[in-house]
Each structure stands twice: as structure tokens, then as C-alpha cells.
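# Model the structure of this input:
(chains A and B)
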Amino acid sequence: MKVLSQSGQNITLGVLLSQRVRGLSDKNLQVLRSEDVQDRISGIKVEALTTRSYTDAYKVTIPVENVSGKLVLRLVNPDEILRENSEATLEEILSYCVATSFNNRLVADSLLVVELGEGNKCTYYSKASNGEREKELGRLVEEQKKVIEEILELEADNRFAHSELIYVIQRHEEPYANTTEAFGRRLELNERIVKSSENLAKKNKGLINRFTYFLNLYKLK
Amino acid sequence: MFKLEKCIVHSNRKWCFVRGLEVEKEDPTIDKILAKQELGLCEMQLAKDERNFHVWNYRSWIINTLKAMDQNVIDKELKFIDSKLESNFSNFSALHFKSKNLLSKYSLYLQSLKSQKVSELQDSALVSDVLLYGLPLNTIKQELETVKTGLYMQSSEQSMWLYHQWLIDRLIPVKVIFIES
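From the prediction side, this is the model:
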């Protein structure tokens, strides 16, 4: 996917989909302002462009006034665009593919979130769309964080536990982009890491200095 | 073989295994006979040194060769790995191959359902879990509980932390695909 242009009140996206997805139209694609399915932008236009070796290109024109922010793309009733006079099999569902340089698959139960920044900068990632399931995952990750924090309380200088805590926090946060909002999130994250490192700091000054250095770096940005 | 626990010994046995399958291809039980013999040998070697990664690699190769013929092979292997982990949880090779075998088991499960219509899927929740996380969510929860005990008991062992990280990675389906500027 690529932002082709942002002119006037429209954003035009170029979207590449696997050839198994045929006849994509505005009935099968929704563009949302957030991950809430009710927060939908109406009046999008989907236009088929060229066919490449394994992908079909589409031009998606989105009538939005604010050109900076988050957009969420959602395939609606994906079975329909795969069906071709027969019911979709699991093999076909597995073949939903948003052609990116990493060949990430967009399965039926996921959203493609696109964050648009200044100067056509575009960040996108997939995310599970099921709200209840997301909450359950969040709870599980929180439990794991508590386990690690308990181990850190018992063994303040356990470097494996410490790096695991940082890893879990970082992976669970939203991916960051080069925007003020994203740096704000990152700053908050680093403050939490430093806070969680208070015990460790008593024993390991070098490590806490390193965190403080990164924290200051983000503050400067 | 017990004196020379080197990779080259296992490479030679791999060659013998493949040749054995080719030469005796008319015998339908040859794969099971050879596998039983080789897996038995691996068990003896692992009883002597449970962390010998040459043996674990060879064992994994045998399992991968056989799994297409018999899906129960992976279940049996997972039981074997669990028995090794019960005696000592801090076994990097065992944990590594456990993760590989778990993914392999559910990948084969998806393969077996490929020709089915979506509306006819018996356990669509399980299929959805496997599509999103590679494993059923319940399995991830069970594994996290198991590894939690290990973390409390041997928190200075890196192998368990790496396994924990792998499980956490399964839980977070949010990932940056690409940042374009």
C-alpha cells in the first residue's frame, strides 16, 4: 500500500491485493477513522488499475479533510470477493494477501491500520479486530508483566527478567512513527521503564544511566 | 558414536537413513523400523547428555522426515520433550524443539483442513486461533503457566526466558509491517 497523493480533500491510496481477491469494490472495503467499525468514512471510491504478476492494483480515493492521522482499512465479507461462483475454502482464506515488501497476510479477523503522517509518510500494521479477544490478550500480557515484576522484586539484578520486561512493554505498545504523538507515547513508555527499574538502579547504576540517556533523548525530540 | 558426539556422525546416519528408505522402499514398514531404531539411539544419547544439540538436531530431522507420513509422530515427540523438561526444565534444545513441534503440529492441522469449506469447519474458533497466533490460545495459556513455575524456580536460566519471549510474541498480533517515507 502506498499513499499516491494527498490533494484538496482527498487521499488516494494505491492498494495491492493478491489475485485471489477479485473484483474489489467499495462494497467490500471500508475505511474507518479509528478501530471502531461505526466510525466509518463514507463515499470512498475503489478503482481497479493494473494487473501485475501475482497481484491486482487498486486505487482507493478517500474523501477526508484531515490528511494527517489514522485510517483503518477493513475488508467486508471477504468470502464474496473470493467466491467466484463457489464457496470459499480455507485455502483461499489463507491466501488473502496484502502485498507489502514483507508479504504480510491480512486474514479475515484482522484490520489493517494505516497511520498517515506529514509529507505522505505512511505507517501500517495489522491488528486483531475482535475486541473481546484483544482484551483477553491484554489481560494475559498484564499477568506476564506482573510475574516478571515479581521476579524483579525478588532479584533486582536479574538481567534476563529486566530485558524481558522491556521487551513485553515495547511489543505491547503501539508501533511508533515519526510523529509528535508517537514520540509522546514512546516517552511515556521510557518513563515507565525507568520507574520499573528503580530497584535495579540501586544495584546497577550503569543500566539506569543508559535508560535516563534514552529518556532525555526522547524528551529532546 | 557415544565417544564421537560430533555432527559428522549424525550426518552419516542421515545418509544411511535416507538410503535405507530408498533401498527397502517396497517394505511398507521400513520407515517405522528405521525411525524406532534411530529415535531409540537418540534417547540413549540424550539419557547420557540431555543437552547434546547434535542429537536433538538429528532427532528433529527424523521427526520432520516422518511427520508427513504419520501425524502422531509429532504428538509422541511432544510427550518425549515434556518428559525431558520434567526432569530438567532448563534445557534449551528441548524448549526450542518444543516450540518448533507445536507450530508444526498446528500447521499440519491447517493443511489437513485446506480443502474444507469455511462454513463446514467444525472448530472455527480453533482455526481462527491458529491463523492468528500459530497455536490455540489455550495451549499458549498452558505453556505460560508451565514456564511461570520454571521462571520462579530458575530465574537465572536464559532458555526459559527465551521460551517465555516466544510465547509472548504469539500473544501480540500487532506488528509494524513497513514504515514508508
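# Report the residue ranges of every domain in chain B.
B:1-88, B:121-171 (automatic domain parsing).
# Point to the helix or strand of chain B where mean pLDDT is at its lowest.
None of the helices or strands of chain B scores lower by mean pLDDT, DSSP states H and E than strand B:175-180, at a mean of 38.
# same question, chain A
Result, chain A / mean pLDDT, DSSP H and E: helix A:90-94, a mean of 47.
# Name the helix or strand for A:Y58, please.
Using DSSP states H and E, A:Y58 sits within strand A:55-63.
# Any part of that strand near chain B?
No. Counting by C-beta under 8 Å from any C-beta of the partner chain, chain B has no neighbours in strand A:55-63; the shortest distance is 15.4 Å. Backbone N, C-alpha and C define where each C-beta goes, glycine included.
# Neighbouring strands of that strand in the sheet, and parallel or not?
When pairing is defined by DSSP bridges, strand A:55-63 lines up against strand A:10-18 (antiparallel), strand A:45-51 (antiparallel).
# now for the next helix or strand after it, which elements pack on it?
For strand A:55-63, the following helix or strand on the C-terminal side (DSSP H and E) is strand A:69-75. Counting contacts by 3 or more C-beta pairs under 8 Å, 6 or more residues apart in numbering or on different chains; DSSP states H and E, strand A:69-75 packs against strand A:29-32, strand A:110-116.
# got the CA coordinates for the biggest helix by length in chain A in CSV?
Counting residues, the longest helix in chain A under DSSP state H turns out to be helix A:131-154. Extracted in CSV, the C-alpha atoms of helix A:131-154 (Å, rounded to 0.1, in the frame of the first residue of the first chain):
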residue,chain,number,x,y,z
GLY,A,131,-12.5,-6.5,20.8
GLU,A,132,-13.1,-9.3,23.4
ARG,A,133,-10.1,-11.3,22.1
GLU,A,134,-7.9,-8.2,22.3
LYS,A,135,-9.0,-7.6,25.9
GLU,A,136,-8.2,-11.2,26.8
LEU,A,137,-4.7,-10.9,25.2
GLY,A,138,-4.2,-7.7,27.1
ARG,A,139,-5.1,-9.4,30.4
LEU,A,140,-2.7,-12.3,29.6
VAL,A,141,0.2,-9.9,28.8
GLU,A,142,-0.6,-7.9,32.0
GLU,A,143,-0.4,-11.1,34.0
GLN,A,144,3.0,-11.9,32.5
LYS,A,145,4.3,-8.4,33.3
LYS,A,146,3.3,-8.9,36.9
VAL,A,147,5.2,-12.2,37.0
ILE,A,148,8.3,-10.5,35.7
GLU,A,149,7.9,-7.6,38.1
GLU,A,150,7.6,-10.0,41.0
ILE,A,151,10.8,-11.8,39.9
LEU,A,152,12.5,-8.4,39.7
GLU,A,153,11.4,-7.6,43.2
LEU,A,154,12.9,-10.8,44.4
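# which strands and helices sit next to it?
Using 3+ C-beta pairs under 8 Å, 6+ apart, helix A:131-154 is in contact with helix A:159-172, helix A:198-203, helix B:137-153, helix B:158-171.
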